[in-house]
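Asks: sequence and predicted structure are below.
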Amino acid sequence: MREVTLVGGGLSGALLALMLARRGVKVTVYERRADQRADQIEEGRSINLALSARGIHALQIVGLNAEVLSHAIPMRGRYIHPVNGACSLIPYGRTPDEVIHSVGRRGLNAQLLDALAREKNATVHFQHRCTGYNLRTRTLALHDEESGREFTVESPVVIGTDGAASAVRDALMHSMRMNYSQEYLEHGYKELTIPPSHDGAFRIEPFALHIWPRGGYMMIALPNLDRSFTCTLFLPHSEFGQLATREAASGFFQKAFPDAVPLLTELEGEFFRNPTGGLVTVRCSPWHLDGRALLLGDAAHAIVPFFGQGMNCAFEDCEVLLSLFDQYGGNWDEVFPRFFEVRKPNTDAIAQLALDNFVEMRDTSGDPHFALKRQLEHKLEERFPGKFASKYAMVSFRRVPYLESLERGRVQDRVLMDVCSRASTLAEIDVDAVFARLRAAT
C-alpha cells in the first residue's frame, strides 16, 4: 500500500488526508495542536471563514458539502456602515444562490476530523510537533508535546500542510535552492465580539458581511451560529501602539465606529486581552523536491484574508492534487512537479487579488461610485449571461482560474470605474456600449 505522511491536521491537512485515504493511500497525520474537537479556545485567531464555490466543490468531492453548509450562515453582500448616514447593503451576486457562507473554523475542522476518523487508512496523532525533516534519510523528527518525547519516523513521502510557519518548508529551505519571501502588511488585526441580544437574537443584519470602511483602516463583522458576530479591526501597527490606555481606545472607537460601540459590550476587556495579530503574504518556489516532499496550502502560499479565499484556495489545492494523483496513477515524481506548475501562477494571482481587495474594502467600498459599479456588473451579467462575469463572481462563484480572474478583473476595474465616475445612476449608463468597450479591451 502507498504511504504518505502529512504534517499538519488543520483544514487543508484533514481534507487532503480524507481524499487520499479514500484513494487507498495509507495516511499518517501529525498535528502539533490538541484535538480541535475538544473544548478549547484559541484566542487571537479568526473563528470565522468565508466558504465559497471553490471550497464547496472540494467538500463535495468527499461528500461533506451539505453537512458543512447546514452549519453555515449565508452572507448575501457587504453591509456598509459609514461614520454618518444610513447603512447600505451591496449584494455580492445577482441571484439568490450567489452568496458566501460564514463558517466556524473549529466546527469545520471537527467535521473533517470526524470524517477522517472513519477511514481505516488514516491515523492522526495530535500534539505531535514536527521539528525537522531529513530529506536524505527521509525521516521526520517529532516532539510529543504531551510526554516531551523526541523521536523520528521514516517518511518516504511528506506533504507539509502545516501553515504559514511551516516546519516542512523550513526543512526544504535548508536542503535545496528554494526562493522564499514574506511580506507583512503595516496593518495588524484584533478580534472583538458583538454578542447576541438579551433575547438571544442577532443585534445586526445576520445575512451579510459587515464593513466599517474608514480609509486606511476598517472593521468587519461575520455572523456566528450562536447569533454573535466576530469583529476584526484592521489597523496599522503604529496606530495600535497609540491605543495603549482605556481612554485612548474608547475615544478611538467612539469617533471611528460610533454605531458599533453599543454593540461591542465587552470592548475594553477584549481589546486589551486579545492579542494583535500580523498579516503576511508568503511566496516560495519550488514547493517540492522530486517525489519526496511537497508544500500545500498556507505552507506554500499564505495570503491575507481580504478576498475570503485562503481556505478556499487551500481546498482547491487539495482538489487539484487529487486530480493529478488520479491522472498520473499516484506517481508522486510526476504529480508534485505538475502540481507546482499548475498552481503557482494561480496562487500568486490570488495573493495579489487579496491585497487589492483590502484597499477596496477599507477605502472604496463606501464610495457611491463603487456601489454603482456593482449595480453595473450585475446588469452586465443579466444582459450578457455566459459572456460577462464580474471579478468577484469569477473568484467566488465561478471557479475561474485565479490568474484569469486577476487579468480580466483588472480590465473590468479600469473600464467600469471610469464609466461609473461619470454617472450618478445606472439609468445614465449605456450598458451595451460598456460591454462593447470591455470586449475591445480584452
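Replies: Arrived safely, thanks for sending.

Asks: so residue 60, which state does it fall into?
Replies: Counting by DSSP: H, G, I helix; E, B strand; the rest coil, the backbone at residue 60 sits in helix.

Asks: identify the residues contacting it.
Replies: Remark: with contacts taken as CB atoms under 8 Å, 6 or more residues apart in numbering, residue 60 is in contact with nothing. Bear in mind the C-beta positions are built from the backbone N, C-alpha and C, glycine included.

Asks: I'd like the distance between it and residue 309.
Replies: Counting by CB to CB, to the nearest Å, the gap from residue 60 to residue 309 is 18 Å.

Asks: all helices of the stretch 1-150 of the chain, in order?
Replies: 11-21, 53-61, 65-69, 105-117 (DSSP state H, counting those that start in this stretch).

Asks: tell me the most buried of those?
Replies: helix 11-21 (a mean of 27; mean count of other CB atoms under 10 Å).

Asks: biggest strand in the chain by residues?
Replies: strand 179-194 (DSSP state E).

Asks: confirm that residue 279 sits in a helix.
Replies: No - going by three-state DSSP, the assignment for residue 279 is strand, not a helix.

Asks: residues contacting it?
Replies: Applying CB under 8 Å, 6+ apart, the residues near residue 279 are 184, 185, 187, 188, 189, 234, 304, 305.

Asks: right, and the helix or strand after the lengthiest helix in the chain?
Replies: Longest helix in the chain, counting residues (DSSP state H): helix 332-359. Remark: after helix 332-359, the chain's next helix or strand is helix 368-383, criterion DSSP states H and E.

Asks: follow-up on the earlier one: what's the angle from the longest strand of the chain to helix 332-359?
Replies: Angle of strand 179-194 versus helix 332-359, following axes from the mean of the first three to the mean of the last three CA atoms, to 10 degrees, is 50 degrees.

Asks: tell me the strands beside strand 179-194, with direction?
Replies: Note on strand 179-194: by DSSP bridges, its sheet partners are strand 229-236 (antiparallel), strand 277-285 (antiparallel).

Asks: average model confidence for that strand?
Replies: Averaged across strand 179-194, the pLDDT comes to 96.

Asks: any idea how far that strand is from the chain center?
Replies: Chain-centre distance of strand 179-194: 13 Å, with CA atoms, centre = their mean, to the nearest Å.

Asks: just stretch 407-415 next, same as before
Replies: Taking mean C-alpha positions (CA atoms, centre = their mean), stretch 407-415 and its chain are 23 Å apart.

Asks: again, but for stretch 377-389
Replies: Taking mean C-alpha positions (CA atoms, centre = their mean), stretch 377-389 and its chain are 26 Å apart.

Asks: what distance separates the start and the end of that stretch?
Replies: 8 Å (CA to CA, to the nearest Å).

Asks: what do you get for stretch 390-408?
Replies: Stretch 390-408 end-to-end distance (CA to CA) = 9 Å.

Asks: for that stretch, the averaged confidence score.
Replies: Mean predicted confidence for stretch 390-408 is 97.

Asks: quick one: contacts of that stretch?
Replies: 52-54, 57, 92-93, 98, 100, 307-309, 313, 316, 345-350, 352-353, 374, 377-378, 380-381, 389, 409, 412-413, 442.

Asks: next one: stretch 189-197
Replies: Stretch 189-197 is contacted by residues 43-44, 46, 202-204, 221, 226-235, 240, 260, 263-267, 270-271, 274-277, 279 when judged by CB under 8 Å, 6+ apart.

Asks: show me how far that stretch is from its chain's centre.
Replies: 19 Å.

Asks: same check on stretch 147-155?
Replies: That offset, for stretch 147-155, works out to 32 Å (CA atoms, centre = their mean).

Asks: low-scoring stretches of this protein, by residue?
Replies: 1, 39-47, 365 (pLDDT under 70).

Asks: quick one, domains of it?
Replies: If you go by automatic domain parsing, the domain ranges for the chain are 3-73+100-181+280-357, 184-278, 367-441.

Asks: of all those domains, which lies closest to residue 79?
Replies: Among the domains of the chain, the nearest to residue 79 by CB to CB is domain 184-278 (3.9 Å).

Asks: how long is that closest one end to end?
Replies: 7 Å.

Asks: center of this structure - which residue?
Replies: The residue lying closest to the centre of the chain (CA atoms, centre = their mean) is residue 310, at 2.4 Å.

Asks: isn't it right next to residue 298, touching?
Replies: Yes - counting by CB atoms under 8 Å, residue 310 does reach residue 298; the two are 6.9 Å apart.
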